[in-house]
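*Asks:* Below are the sequence and a predicted model; questions follow.
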Amino acid sequence: MIKIGIVGASGYTGEELLRLLANHPSAEAVVATARAAAGKKVSSIHENLKGLCDLTFEEPDYEKIKKECDIVFMAVPHGTAMDAVPEILKDSKCKIIDLSADYRLKTDVFEEVYGMKHKAPIDAVYAIPEVHPEVNKNLKDRLIANPGCFPTGATLAAAPLAAAGLLKSVIFDSKTGVTGAGNTPSATSHYPNLAENIIPYKLTAHRHLAEMVQEVSRLQPGFENVSFTPHVIPVSRGILTTAHIETTEKLTTADVKKMYEDYYDGKPFVQFAESVPSLANVRGSNFCHIGMEADARNNRVVVLSAIDNLVKGASGQAIQNMNIICGLKETEGLWFPGLI
Ligand SMILES: NC(=O)C1=CN([C@@H]2O[C@H](COP(=O)(O)OP(=O)(O)OC[C@H]3O[C@@H](n4cnc5c(N)ncnc54)[C@H](OP(=O)(O)O)[C@@H]3O)[C@@H](O)[C@H]2O)C=CC1
Ligand SMILES: CC(=O)N[C@@H](CCC(=O)OP(=O)(O)O)C(=O)O
């Protein structure tokens, strides 16, 4: 059994890692840290895990984690993973999968976007497995930067057209559930503000834009004509992204569909919607559902992607990456449907 440590296990992504690992045939959580909840049973905070998880929250003790764990998931806020990552990697064989943004971007871009000095720059592998199959080949990599939730849905929506070099401009318009903001209450998540409402925010300069540009331009070198606007909607989970893509040539819906089917052939977690993808069909699962239509009047394609922000957008993708770097089947512990 692969032994897992989760740093930040009292939060949403920490809970989701524990929930998914409870059913993983080859991995088990052995350490769950949380400072405020230290000493409390995990299942007293995450009551959905009663009967499934017998761990007690501990203060983070990285020397102990290094001794007891093969894989460490960092499920902590941006700017705090970097405090622990060098210590965990030093004199140990542990591999780290960091769910925060600390290792997703080049250091200078990170410092500009997140407005903080990086305390411990280290090379990491940024891994959306469907788009970066090279992760499969590097079983020696020890630090995986797990992608952001919006960039996961956005990159999956644009990747086949980008890889074909067909992008002229892309506007990602995303609707997200409230858990994307973590478990600290805010005005946006306050029920009377959000119920029966949609709240757009960070209209042109969300921090995930840099990650989207990084990933799309990796597929289509030199392409940076990307815009992104997020909206919070009154659901707890899910991100539906509408990508308005201007292409360099006119395409039919059949052309685009074929291109996407070919690109995602053999990628089990990307599936195609019969008409349009819905959040309900992917909720709780690691699937990304995609739908598309070419605009017959001009060089424009609308591509939709639906993911669960806590699963494919965070903890599920982190376990998918763990499976890959541990040489397990990519789908292990993750092969189950959405809740509808
Ligand atoms: N929510 C989402 O949809 C997604 C989140 N992410 C990223 O995953 C990370 C975790 O997010 P989420 O679970 O939502 O966050 P939460 O705010 O829900 O939880 C954060 C966790 O980290 C712990 N923590 C906070 N500060 C520290 C610290 N300095 N050292 C050790 N532990 C700390 C908290 O407990 P305590 O303070 O008591 O120790 C808590 O357990 C973030 O970087 C987030 O951006 C990525 C993709 C999607
Ligand atoms: C609703 C809401 O506030 N969502 C968050 C999503 C960010 C997130 O989850 O962070 P990472 O994916 O970068 O780790 C936001 O827009 O900042």
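*Replies:* Yep, it's here. Ligands and ions are numbered 1, 2, ... in the order given.
*Asks:* The residue nearest to residue 275 when sequence neighbours are not counted: neighbouring residues, count only.
*Replies:* Closest residue to residue 275 apart from its sequence neighbours, by CB to CB, 6 or more residues apart in numbering: residue 291 at 6.6 Å. Quick note: C-beta positions are derived from backbone N, CA and C, even for glycine. Other residues near residue 291 come to 20 when the count uses other CB atoms under 10 Å.
*Asks:* same thing with residue 103?
*Replies:* Residue 103 is flanked by 25 other residues according to other CB under 10 Å.
*Asks:* would you say it is within a strand?
*Replies:* No. Counting by DSSP: H, G, I helix; E, B strand; the rest coil, one finds residue 103 to be coil, located in no strand.
*Asks:* looking at it, the residue nearest to residue 275 is touching residue 270, isn't it?
*Replies:* No. Using CB atoms under 8 Å, residue 291 is not in contact with residue 270, being 11.7 Å away.
*Asks:* For the helix or strand containing residue 29, name the packing helices and strands.
*Replies:* According to DSSP states H and E, residue 29 maps onto strand 27-33. Helices and strands touching strand 27-33, as assessed by 3 or more CB pairs under 8 Å, 6 or more residues apart in numbering; DSSP states H and E, comprise strand 2-7, helix 12-21, helix 62-68.
*Asks:* and the longest helix along the chain, what's its mean pLDDT?
*Replies:* Counting by DSSP state H, the longest helix found in the chain is helix 149-163. Averaging pLDDT along helix 149-163 yields 98.
*Asks:* Quickly list what the residue of the stretch 201-340 of the chain found nearest ligand 2 is bridged to.
*Replies:* Residue of the stretch 201-340 of the chain nearest ligand 2, by CB to the nearest ligand atom: residue 232 (4.9 Å). Beta bridges link residue 232 to residue 176, residue 199 when assigned by DSSP bridges.
*Asks:* now residue 247
*Replies:* residue 167.
*Asks:* Tell me who's in contact with it.
*Replies:* By CB atoms under 8 Å, 6 or more residues apart in numbering, the contact list for residue 247 reads 161, 166, 167, 168, 299, 300, 301.
*Asks:* show me where this protein has helices.
*Replies:* Using DSSP H, helices in the chain cover 12-21, 42-45, 62-68, 81-89, 107-114, 149-163, 191-194, 208-219, 253-263, 279-282, 316-325.
*Asks:* picking that back up, okay, buried residues for the longest helix of the chain please.
*Replies:* Within helix 149-163, the residues that count as buried by 16 or more other CB atoms under 10 Å are 149-163.
*Asks:* about what we covered before: would you mind listing the buried residues in the strand holding residue 29?
*Replies:* 27, 29, 30, 31, 32, 33.
*Asks:* For burial, what's the neighbour tally of the closest residue to ligand 2 within the stretch 1-150 of the chain?
*Replies:* Relative to ligand 2, the nearest point of the stretch 1-150 of the chain is residue 148 (3.3 Å; CB to the nearest ligand atom). Residues lying near residue 148 (other CB under 10 Å) number 27.
*Asks:* Show me the domain layout of this protein.
*Replies:* 2-122, 150-309 (automatic domain parsing).
*Asks:* Point out the residues in this protein that sit beside ligand 2.
*Replies:* 100, 101, 148, 149, 176, 180, 181, 208, 230, 232 (CB under 6 Å from any ligand atom).
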